[in-house]
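> What would the 3D arrangement of this be:
(one chain, ligands or ions: 1)
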Amino acid sequence: MQTVTRLDMLRNAVEALRTDGSTLALVPTMGALHEGHLTLVREAKQRTDHVAVSIFVNPTQFGPNEDLAAYPRQLAEDSALLEAEGVALLWAPTVEAMYPAGFASSISVAGVSEGFCGASRPGHFDGVATVVCKLFNQVRPDIACFGEKDWQQLAVIRRMARDLDLVAPAAGAIVGVPTVREADGLAMSSRNRYLSPTQRRQATVLPSAMRKAVAELEAGEDAADATEALEAALLAGGFDSVDYAALADAASLASLDRLGDSPARLLVAARIGGTRLIDNMAVG
Ligand code: AMP
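Residues are numbered from 1 along each chain as shown. Predicted structure coming up:
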């Protein structure tokens, strides 16, 4: 595996991988890798000849009072994990390489960016869209893999890739990979390590209460009733607040009053101590 930290090195490395017409996948991450990230890498490996992984803790997607400084950084450990997965290229740029002095551009994806995490984290998806657009232009992959764990992010990136003709135009160039969970159901996340042992135990109420709500919604219950019961279960189970718990159209993310004919998603963000956890599940 080659590790590159400057754009000129990246371009040379990509060119070398591409010389024989090989296909290339990109897996963008912020590091602190776990089985969820490695599942994306394995999915990418199934689909292309080579895999490039980026590790970049992107400052522009963190709000002023969020965990940018505290976000775990462990490049040596991550690098060993990626090497063992047979990753060809690790792109680990510095903040200065990504955002040179005078950087002034931003990509904003209307509609799908606006509710849910977009409402509770103003500017977050502009930061995500801008950095992912840069990563696509830097690496020029055939496909890119993202986790369904960040369902709204996946919808934002799909919209942007379509709108701005990024990556290969073929349908399916943006690959969504199902959420990888711990044995007790909690979605894997780099932020789970912020939880104390007690909070970690309490956090299991998130997937269990969501599964219950999914069953209620599928039985025809109103979204308002099911999500109200879900919020109450989270607060009773140890969560301190709920940013949102909602039923939405899986593609447009428009809020739904109840399950209809098209695929829907239950989306939740809730805080336990200082940690904000998100999760989502298919409904119907
Ligand atoms: P992050 O490092 O948190 O920015 O995540 C990098 C990529 O890994 C994103 O596409 C995430 O959606 C994906 N990801 C994170 N956690 C999981 C998980 N538990 N299962 C599947 N994909 C995940």
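
> all strands for this protein, in order.
For the chain, applying DSSP state E gives strands covering 2-4, 24-29, 50-55, 89-91, 143-147, 174-177, 241-249, 264-272, 275-283.

> closest one to the ligand among the ones you listed?
Ranking the strands of the chain by their distance to the ligand (criterion: Cβ to the nearest ligand atom) puts strand 143-147 first, at 2.2 Å. Every residue, glycine included, has its C-beta placed from N, CA and C.

> Say whether the ligand is contacted by that closest one.
Yes. Strand 143-147 reaches the ligand (Cβ under 6 Å from any ligand atom) through 146-147.

> between that strand and strand 50-55, how big is the angle?
50 degrees (axes from the mean of the first three to the mean of the last three Cα atoms, to 10 degrees).

> in strand 143-147, what's buried?
Neighbour counts using 16 or more other Cβ atoms under 10 Å place 143-147 of strand 143-147 among the buried residues.

> hmm, back to that, I'd like the strands of the chain as CSV, with mean pLDDT appended.
Shown next, in CSV, are the strands of the chain (pLDDT from 0 to 100):
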stretch, mean pLDDT
strand 2-4, 98
strand 24-29, 97
strand 50-55, 98
strand 89-91, 98
strand 143-147, 97
strand 174-177, 96
strand 241-249, 98
strand 264-272, 98
strand 275-283, 98
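
> so which of the ones you listed comes closest to residue 17?
Closest to residue 17 of those, according to Cβ to Cβ: strand 50-55, at 4.9 Å.

> for the closest one, packing partners?
helix 7-18, strand 24-29, helix 35-47, helix 75-84, strand 89-91, helix 124-139 (3 or more Cβ pairs under 8 Å, 6 or more residues apart in numbering; DSSP states H and E).

> So which elements touch the third one?
In terms of contacts (3+ Cβ pairs under 8 Å, 6+ apart), helix 35-47 is packed against strand 24-29, strand 50-55, strand 143-147, strand 174-177.

> is it anywhere near the ligand?
Yes. Using Cβ under 6 Å from any ligand atom, helix 35-47 reaches the ligand at 36-37, 39-40.

> could you dump the strands of the chain to CSV with distance to residue 197?
As requested, these are exported to CSV (distance: least, Cβ to Cβ, whole Å):
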stretch, distance to residue 197
strand 2-4, 34
strand 24-29, 26
strand 50-55, 28
strand 89-91, 32
strand 143-147, 25
strand 174-177, 29
strand 241-249, 21
strand 264-272, 12
strand 275-283, 13
